[in-house]
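*Asks:* here you go, sequence then predicted model.
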Amino acid sequence: MVVSIFHLLPADRIGGVEIAASTTLNINNDFYKFRVLYLFKKRNNSFSIMAKFKFFINTVSFLFKEKSYILITSLWKSNVIAILLTILKKDVKLIVFLHSPINAHFFDRVATRLSIFFAKEIWVDSQATLKGRLNRPLLEFKNKKIRIISFMSKRLKPFANSKRSPNFIFWGRLDNIKRIDKAINFFYQISLFKKGAKFIIIGPDCGGLGKITKIISNLNLQDKVLIKNPMHLNEIRQLAAKATFFIQLSRFEGMGMSVIEAMQIGLIPIVTPVGEIGSYCKDGFNSIVFDINNNKLNLKKVIDILNNSKKYEKIRFNSLKTWENMNTYKEDIKNSCMELSLGNN
């Protein structure tokens, strides 16, 4: 029997969770039928409120009408729907997929806690998420199978050019959690030492763009810091080929998908050791671990790499090697779904 497996997400926005999910759109086989579903459409800005509401109703209606399936949910809005489904439909097997070591807010905490109570399995994107969200003696976690799913969206080849330059790049959501303001302030100090330095920031505005543009203006960096709209990774690669460093000074993270992408294509990450990032980014070995309280030390680390070709090549080599033999998100999802389908027959 072919098992139906649905992965439900709140919206098809541009984010790490959604980008990873997009790699699994065609993994059907003779054992299971896998499909990614969204509660809302966001990428098409021409959608009216009524059209978005209709899309939501159609998705929920579809899930209520379908019989006997496995439902994987990501993020709290999907969990709210999942709770209703599992209460009203006894033939739904729920899997809660967690992507962050902390709850985003009160509603996230409540929805996640309740959905885990009804879940058959719990999936996490990293050890950090596992430790942050499930390392508690709570009854709802008891006897639940837990899987760690790789959050490496795809294998990437490094760009050929490995020339050192005082150029920085960031891609991801432009929100306050990413602390892009601190990254710009740090870049400003680098630019005082290294003339011609550039910083490219790529991503959708998620509440942080106003603060970012104000800082750029206050520091008179309009010619050195460029903000670009979201773009495909192939386009990002072309811009990243002119950079040496990927900088992300997040307040908190799960796995850190863009950090993984940056390391694979040959950039040296400058990161705060939050979430799982602290387990795979090793200061002076394959990255620069940024000390929020010691900017003088951070500056020294970057300048040393720019002035020392051997140090640069060594750290870049180790950064590339970090992800050489890792499974991708798609491979882990395929393997997990195969096991689920066999166990459901």
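*Replies:* Cool, got the structure. Numbering: from 1, shown residues only.
*Asks:* now do the same contact list for residue 207.
*Replies:* With Cβ atoms under 8 Å, 6 or more residues apart in numbering as the criterion, the residues that contact residue 207 are 174, 175, 176. (C-beta placed from N, C-alpha, C; glycine too.)
*Asks:* same thing but 10 Å
*Replies:* Contacts of residue 207 were listed using Cβ atoms under 10 Å, 6 or more residues apart in numbering, and they are 173, 174, 175, 176, 177.
*Asks:* which among those residues end up buried?
*Replies:* 173, 174, 175, 177 (16 or more other Cβ atoms under 10 Å).
*Asks:* the closest residue to the second one other than its chain neighbours and residue 182, how far apart?
*Replies:* Read it as residue 174. The shortest distance from residue 174 to any non-neighbouring residue, by Cβ to Cβ, 6 or more residues apart in numbering, is to residue 208 (4.4 Å). Using Cβ to Cβ, to the nearest Å, we find residue 208 at a distance of 12 Å from residue 182.
*Asks:* state the phi and psi torsions of the closest residue to residue 267 other than its chain neighbours.
*Replies:* Closest residue to residue 267 apart from its sequence neighbours, by Cβ to Cβ, 6+ apart: residue 246 at 4.2 Å. Phi and psi for residue 246, reported as degrees, to the nearest 10, are phi -100, psi 130.
*Asks:* what's near enough to touch the closest residue to residue 189 other than its chain neighbours?
*Replies:* Nearest non-adjacent residue to residue 189, counting by Cβ to Cβ, 6+ apart: residue 299, 5.9 Å away. By Cβ under 10 Å, 6+ apart, the contact set of residue 299 is 186, 189, 190, 192, 193.
*Asks:* cutoff 8 Å now
*Replies:* 186, 189, 190, 193.
*Asks:* that one and residue 312, how far apart?
*Replies:* 16 Å.
*Asks:* and residue 30, by the same measure?
*Replies:* 49 Å.
*Asks:* kindly report the same for residue 294.
*Replies:* Residue 294 is 22 Å from residue 312, by Cβ to Cβ.
*Asks:* the two: which has the busier surroundings?
*Replies:* residue 312 (18 against 10; other Cβ atoms under 10 Å).
*Asks:* the helix or strand harbouring that one packs against which elements?
*Replies:* Secondary structure from DSSP states H and E places residue 312 in helix 309-321. With contacts taken as 3 or more Cβ pairs under 8 Å, 6 or more residues apart in numbering; DSSP states H and E, helix 309-321 sits against helix 257-265, strand 268-271, helix 295-307.
*Asks:* can you tell me what sits against the first one?
*Replies:* Right, helix 257-265. For helix 257-265, using Cβ under 8 Å, 6+ apart, the contacting residues are 16, 19-20, 151-153, 155-159, 169-172, 233, 237, 240, 246, 248, 253, 269, 271, 277, 281, 286-287, 319-320, 322-323.
*Asks:* helices along the stretch 151-300 of the chain, start to end?
*Replies:* 180-193, 209-218, 233-240, 257-265, 277-280, 295-307 (DSSP state H, counting those that start in this stretch).
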